[in-house]
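Undergrad: give me the fold of what follows.
(chains A and B)
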Amino acid sequence: MIWLGIETANTPLSIAVVKDGKVVAEMIQNIKLTHSAGAMPAIEEILARVNLKPNELDGIAVSEGPGSYTGVRIGVTLAKTLAWSLQKPLVGISSLKALAANATLYNGLICPIFDARRSNVYTAIYQGLALETIMEDHHAHIDDLLSRLKALEAPILFVGTDVDIFWEKIVGVLGDAAIRAPFSHDLPRATEVIRLAMNAELPSIEATHHFVPQYKRIAEAEANWLKEQKEKEHE
Amino acid sequence: MGEFIMNNGMILAIESSCDETAAAVIRNGNEIVSNVVASQIESHKRFGGVVPEIASRHHVEQITVVIEEALAQANIKPADLDAVAVTEGPGLVGALLIGINAAKAFAFANNLPIIGVHHIAGHIYANALVQPMDFPLLALVVSGGHTELVYMKEHGSFEVIGETRDDAAGEAYDKVARVLNLPYPGGPRIDQLAHEGEEAVRFPRVWLEEDSYDFSFSGLKSAVINYKHNMDQRGEEITPTAVAKGFQESVVEVLTAKTLRAAREYQVKQVIAAGGVAANKGLRTSLEAVFAEEGIPFFVPPLKLCTDNAAMIGAAAMPMFEAGIRGNLMMNGRPGMELKSWV
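TA: Modelled structure (predicted):
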């Protein structure tokens, strides 16, 4: 089975091809090029390099969020349209879990972090080889997250380029319990997205139409609207 | 992507620049084989306008469904297509990106060329789906985001001879509708109220410099707001029909007069109206009357081709396709894209 993996959830871009459980090609970059300009040409290039035609793919794996709204949507739109056009199954994988998978050989708590601006993060806690979910993917203020992590009273490995933004704060609260993953593990990899997809159940082709990003956060306008509705009820 | 030879003259077009997710199949640039639009208007109503993030989210939900529906209604396979066309700009960038990336993935999967179309060129070419375009022509483009007079010498040649310096006409309609407490979208409601009205409140006409084809509607909008404010202070009720009628008369008079003057100066063979506000009955009636008297053929597409749709994008893409214009997989959303000639 030949998989195409697409990861565009944040600034880094990664595209990979895995054939029969072996990595054939993978590209990773972390430059300021929009995914709209960069992702589709990267898919074309990697398939050309491994001499595959689009219709030779058997499945598409995509990093489904959370992350940058636009970044996630570009990856999901490309993956969804490719999967539907080729009539091949589409599997979505949490972008946080895919990043945590970089540290899967660490036998302890893994905390992937994406900056969500204004001192907020997208984060989760996964553990060990099986990447068992200890804390679900969610959106949180960094201070709230750190007080919950402190309560776990265990060493935690932090992974992701955005960890640097919060590192001082993290060490301030967790002290020696905070471990920084090596920089070479910070970029999410499309091969990990594929590996996790290979463990998932294959959805039906019809399910592709209903595939949507996992934003883990409602749009601001909608949040404000819901608040207004609640206030009206109390009046 | 290499050279492609046309086989069926069939283009799949995709449009997602604002709050409609749309796909269509067009044959030879003038025949609608299918035209599918998934409107988000119900979702945006509660916010009183289009929320970009919500629009983008809906586009992702709808995009493949809409494309599949367009192909199914056309009863064709991707192999029957010659090209994929998509709105490249202008519009909401996050919204544009969904259509563009879907178009790129579809084009790549099916080995088809891709063509990036300007949204306003699309609105103008909506007319090609109704009757042949006769050059030179003048197009009045009026919508929620645009108010422009475009002179076309031939296919693919665009000269913007006048445009709004502040609000688009449709924007002014929406703002005045809010003053009158009308539900979103307010434009069609004002048009309706204006027709119900017998009296009209007199509002100013903004002509700008004598020889200018530019427009300005923010002063008119302020005049309506001030009028409501003054009436409120005096404790008097406004008559919504009279306000709507007065406002619409001002907009229509200026649009009509400038379009007529431009049509005469440029000696065009055809005048066309395009864009969501072109569906406005007051505007349509006024333009029809003056151009009937002037003896210049005037056309306006049916409502479903005036509002945002993908059929118009396919219509504009065909002459581009024939001229050898091709996009590539690096295509990005261009929110402020300028209308440029391709010939």
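Undergrad: now chain B, which segments are flagged as low pLDDT?
TA: B:1-7 (pLDDT under 70).
Undergrad: contacting residues for the residue nearest the centre of it?
TA: The centre of chain B sits closest to B:Gly275, judged by CA atoms, centre = their mean, with a distance of 2.9 Å. Shown in contact with B:Gly275 (CB atoms under 8 Å, 6 or more residues apart in numbering or on different chains): B:His123, B:Val141, B:Val142, B:Ser143, B:His146, B:Gly170, B:Cys306. From N, CA and C alone the C-beta is placed, and that goes for glycine too.
Undergrad: any idea how chain A splits into domains?
TA: Here the domain assignment for chain A is A:2-95+A:188-230, A:104-185, based on automatic domain parsing.
Undergrad: how much space between the residue nearest the centre of chain A and chain B?
TA: In chain A, the residue lying closest to the centroid (CA atoms, centre = their mean) is A:Ser95, at 1.0 Å. In this view, A:Ser95 and chain B are 15 Å apart by CB to the nearest CB, to the nearest Å.
Undergrad: do I have it right that that residue meets A:Glu64?
TA: Yes - the pair A:Ser95 and A:Glu64 qualifies as a contact (CB atoms under 8 Å) at a distance of 6.7 Å.
Undergrad: give me the pLDDT for the closest residue to the residue nearest to the centre of chain A other than its chain neighbours.
TA: Excluding its sequence neighbours, the residue lying closest to A:Ser95 (CB to CB, 6 or more residues apart in numbering or on different chains) is A:Ala9, at 3.7 Å. We have a pLDDT of 97 for A:Ala9.
Undergrad: show me what contacts A:Ala9?
TA: Residues counted as contacts of A:Ala9 (CB under 8 Å, 6+ apart) are A:Ser63, A:Glu64, A:Gly65, A:Pro66, A:Gly67, A:Ser68, A:Gly71, A:Val72, A:Gly75, A:Ser95, A:Phe114, A:Pro188.
Undergrad: now for the fifth one: which residues touch it?
TA: If a contact means CB under 8 Å, 6+ apart, then A:Gly67 has A:Ala9, A:Asn10, A:Ser95, A:Phe114, A:Tyr122 as its contacts.
Undergrad: name the element the residue lying closest to the second one once chain neighbours are set aside belongs to?
TA: Nearest-residue entry for A:Asn10: A:Gly67, 4.7 Å, with adjacent residues in sequence omitted and distances by CB to CB, 6+ apart. With secondary structure defined by DSSP states H and E, A:Gly67 is part of neither a helix nor a strand.
Undergrad: let me see the confidence value for A:Gly67.
TA: 97.
Undergrad: got the phi and psi for it?
TA: Per-residue torsions, A:Gly67: phi 160, psi -160 (degrees, to the nearest 10).
Undergrad: now, which of the contacts of B:Gly275 sits nearest A:Trp167?
TA: In terms of CB to CB, no member of the contacts of B:Gly275 lies closer to A:Trp167 than B:His146, at 47.6 Å.
Undergrad: just checking, the closest one touches B:Ala121?
TA: No - in this structure, B:His146 is not within contact of B:Ala121 by CB under 8 Å, at 11.6 Å.
Undergrad: out of these two, which sits in the more crowded spot?
TA: B:Ala121 (28 against 23; other CB atoms under 10 Å in any protein chain shown).
Undergrad: where does B:Val37 sit: helix, strand or coil?
TA: Classification of B:Val37 using DSSP: H, G, I helix; E, B strand; the rest coil returns strand.
Undergrad: list the beta-bridge partners for it.
TA: Beta bridges link B:Val37 to B:Ala22, judged by DSSP bridges.
Undergrad: now for the lengthiest helix in chain A, which elements pack on it?
TA: Secondary structure of chain A per DSSP state H: the longest helix is helix A:69-86. Applying 3 or more CB pairs under 8 Å, 6 or more residues apart in numbering or on different chains; DSSP states H and E, we find helix A:69-86 packed against strand A:2-7, helix A:35-49, strand A:59-63, strand A:90-93, helix B:52-74, helix B:93-109.
Undergrad: what comes up buried for it?
TA: Buried residues in helix A:69-86, counted by 16 or more other CB atoms under 10 Å in any protein chain shown: A:69-86.
Undergrad: and stretch A:222-235, by the same measure?
TA: Here stretch A:222-235 shows A:Glu222, A:Trp225 as buried, counting by 16+ other CB under 10 Å.
Undergrad: ranges for the helices of the stretch 51-200 of chain B?
TA: B:52-74, B:93-109, B:119-125, B:169-179, B:187-196 (DSSP state H, counting those that start in this stretch).
Undergrad: closest to B:Gly295 out of those?
TA: For B:Gly295, the closest of the helices of the stretch 51-200 of chain B is helix B:119-125, at 22.1 Å, according to CB to CB.
Undergrad: other SSEs contacting that closest one?
TA: Applying 3+ CB pairs under 8 Å, 6+ apart, one finds that helix B:119-125 contacts strand B:83-89, strand B:137-142, strand B:147-152, strand B:270-274, helix B:311-322.
Undergrad: which residues of the stretch 1-150 of chain B lie near chain A?
TA: Residues of the stretch 1-150 of chain B lying close to chain A by CB under 8 Å from any CB of the partner chain are B:46-47, B:51, B:53-54, B:56-57, B:60-61, B:63-65, B:67-68, B:78, B:94, B:97-98, B:100-102, B:104-106, B:108-111.
Undergrad: quick check on those: which are buried?
TA: Among the residues of the stretch 1-150 of chain B next to chain A, those scoring as buried are B:51, B:53-54, B:56-57, B:60-61, B:63-65, B:67-68, B:78, B:94, B:97-98, B:100-102, B:104-106, B:108-110 (criterion: 16+ other CB under 10 Å).
Undergrad: quick check, B:Val36 in contact with B:Glu20.
TA: No - the criterion here is CB under 8 Å, and B:Val36 misses it with B:Glu20 at 10.1 Å.
Undergrad: give the contact list for the residue nearest to A:Thr8 when sequence neighbours are not counted.
TA: Of all residues not flanking A:Thr8 in the chain, A:Gly75 sits nearest, at 3.6 Å (CB to CB, 6+ apart). Residues in contact with A:Gly75 (CB under 8 Å, 6+ apart) are A:Ile6, A:Glu7, A:Thr8, A:Ala9, A:His35, A:Ala39, A:Val62, A:Ser63, A:Glu64.
Undergrad: now with 7 Å?
TA: Applying CB atoms under 7 Å, 6 or more residues apart in numbering or on different chains to A:Gly75 gives the contacts A:Ile6, A:Glu7, A:Thr8, A:Ala9, A:His35, A:Ala39, A:Val62, A:Ser63.
Undergrad: cool, B:Leu220 as well?
TA: Neighbour list for B:Leu220: B:Ala172, B:Phe203, B:Pro204, B:Val206, B:Phe247, B:Ser250 [criterion: CB under 7 Å, 6+ apart].
Undergrad: report the contact partners of the residue nearest to the last one when sequence neighbours are not counted.
TA: Okay, so that is B:Ser250. Distances taken as CB to CB, 6+ apart place B:Phe203 nearest to B:Ser250, at 4.7 Å, with adjacent residues excluded. Residues in contact with B:Phe203 (CB under 7 Å, 6+ apart) are B:Leu220, B:Ala223, B:Val224, B:Gly246, B:Phe247, B:Ser250.
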